[in-house]
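K.L.:
how would this look folded up:
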Amino acid sequence: GIATAYLDSVPMVAITGNVSCSLLGRDSFQEVDICGITLPITKHNYIVKDVNELADTLREAFLIARSGRPGPVLVDIPKNVQVAVTEFTNKPVASPLPVPEADEKLLAEAAELIAESKKPYIYAGGGAISGDAGKEIEKLAELTDAYIGCSMMGISSVPFTNPRFLGMQGMHGHYASSMAQAEADLIICAGARFSDRATGKKDVYTRNCRIIHIDIDAAEIDKNITSDVGITGDIKSTLAKLISMVGKKSNPEWKEQVEKFRADEAASLPKSDKMTPYDIVDVVNDKMPENAVIVTDVGQHQMWVAQRYRFTKPRKFISSGGLGTMGFGLGAAIGSYEGTKDPVILFTGDGSFGMNLNELATAVSFDIPVIVVVMNNHVLGMVKQWQTLFFDKHYSNTILDKRQTKFSKIAEAFGALGFTATTTEELSKALDEAIASKRPCVIDCAIDENEFVLPMLPPGGCIDNIITHVGG
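P.N.:
Have a look, this model is predicted:
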């Protein structure tokens, strides 16, 4: 959980327990140097040895977690401190520390690159959401006649209804978005870190374009991709200043090229007589209100949701991106409901769900009405896909469920409601009942084990190697 928060820039304060101070450093029963272990995956951590310092330490931890680039902070409290008595003074937690203003000279250089560009592409990451910069991204795109793509963590930064929004790019991104990024002569990156899943071969990624990289974290500038202009600052205010410095542009040839990519993408969508993963996402999308929180676990289902679900509001997509933590989903769904009280759907696979389904007991105990949609293909689908495409179909430990576990029965054993769906009609009916019940529910949806997540950029490959279909 801590590493997941670190890689996805999620503000978290983890409070852990340890042995009494007198036993520290002696290999005592259940002693763990949790501060040492988590040092590489936290912004800061503490071990509190004096109860009189506890309150101020916690206040400082929450401040650090929320300041600048958000992330996790750990506070370790030995047993003797936990049971000690102290006087408490109620003081507010300070507001997050201010972020330095963007350099005006660099802003001018960025504006000049935008003026010269004929094929601009805005790449929105998770920082665009945490920085509340969606409106500025849309305005800059309209002003410069740019198209907008996003990383997986940037999904929902811009509503799918915006005609300039192409969706997620990268390894399993939308064809049109990945192709537009590859053909762009300028990429304006707002709050993304250019991870390997987004770029592929870095020399190919930058062969046609210049890069403007805007990020709140100076350490991200030029870390993975060398930028032509790297700007450290708050994304929202930086984009607002940039907007004031650029003029209105029109790029009709760019529009024609990107719309051709869109048409090619639409023509390549799979068709089947059976219920497909896209069908499942569409049925849920049609049933749920705009304020629903959509959570995923990790695997093929995660990518299908990222590709297909039509988000109109930010902060409605919750997933484990940087670490890819299988088993993340159910706990995250429970937390999402407790934090928002909005309707919550968890999309998961039989592999991920099996890793942490004991949390169903938590949902039942606290009457948390999460609806779990299991895309059940009885295999570890993403691993099987890789073994099919890149390892000559040597299926090692991926086809594990030949007896076909019935997750609806497991749900009932926990005290939740369980449903099974093999068609879109059955899924629609089950969703209606689940929503009306206001109870924890699991809907076990059967899908074909040979369904692939496409398009796909091969590992270590590039846009030139994009896989859009498999077989005949």
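K.L.:
Show me the strands in the stretch 301-450 of the chain, by range?
P.N.:
Along the stretch 301-450 of the chain, the segments classed as strands by DSSP state E, counting those that start in this stretch run 317-318, 344-349, 371-376, 417-421, 441-446.
K.L.:
Which residue ranges of the stretch 151-300 of the chain form helices?
P.N.:
Using DSSP state H, counting those that start in this stretch, the helices of the stretch 151-300 of the chain run over residues 175-183, 196-199, 202-205, 235-245, 252-267, 277-287, 300-308.
K.L.:
Quick one: closest of those helices to residue 87.
P.N.:
With CB to CB as the measure, helix 235-245 is the member of those nearest residue 87 (40.8 Å). For every residue, glycine as well, the C-beta is placed using N, CA and C.
K.L.:
In contact with residue 223, which residues?
P.N.:
With contacts taken as CB atoms under 8 Å, 6 or more residues apart in numbering, residue 223 has the following neighbours: 193-194.
K.L.:
I'd like the distance between it and residue 164.
P.N.:
In this structure, residue 223 lies at 28 Å from residue 164, with CB to CB, to the nearest Å as the measure.
K.L.:
can I see the domain layout of the chain?
P.N.:
When the chain is parsed into structural domains using automatic domain parsing, the resulting residue ranges are 2-82, 104-267, 277-453.
K.L.:
okay, how far is it across the first one, tip to tip?
P.N.:
Right, the one you point to is domain 2-82. 22 Å (CA to CA, to the nearest Å).
K.L.:
again with the longest one
P.N.:
Distance between the boundary residues of domain 277-453 (CA to CA) amounts to 9 Å.
K.L.:
What is the distance between that domain and the centre of its chain?
P.N.:
15 Å (CA atoms, centre = their mean, to the nearest Å).
K.L.:
tell me the average confidence for it?
P.N.:
This predicted structure assigns domain 277-453 an average pLDDT of 96.
K.L.:
Give me the below-cutoff pLDDT ranges for the stretch 51-200 of the chain.
P.N.:
By pLDDT under 70, the stretch 51-200 of the chain contains no weakly predicted segment.
K.L.:
do you know how far the residue most central in space within the chain is from residue 129?
P.N.:
Averaging the C-alpha coordinates of the chain gives a centre point, and the residue nearest to it by CA atoms, centre = their mean is residue 153 (3.5 Å). Here the distance between residue 153 and residue 129 works out to 8 Å (CB to CB).
K.L.:
can you check residue 322 too?
P.N.:
In terms of CB to CB, residue 322 sits 14 Å off from residue 129.
K.L.:
Residue 411 now?
P.N.:
Shown here: residue 411 relative to residue 129, a distance of 32 Å by CB to CB.
K.L.:
And residue 425, by the same measure?
P.N.:
35 Å.
K.L.:
Looking at these two now, which is surrounded by more residues?
P.N.:
Comparing residue 425 with residue 129 by neighbour count (other CB atoms under 10 Å), the higher total belongs to residue 129, at 24 against 11.
K.L.:
most tightly surrounded among the helices of the stretch 151-300 of the chain?
P.N.:
The highest average neighbour count among these, using mean count of other CB atoms under 10 Å, belongs to helix 300-308 at a mean of 26.
K.L.:
just checking, what packs against that one?
P.N.:
In terms of contacts (3 or more CB pairs under 8 Å, 6 or more residues apart in numbering; DSSP states H and E), helix 300-308 is packed against strand 165-168, helix 277-287, strand 293-296, strand 344-349, strand 371-376, helix 381-390.
K.L.:
how about the ones you listed, which one is nearest residue 302?
P.N.:
Nearest to residue 302, of all these, is strand 293-296, at 4.3 Å by CB to CB.
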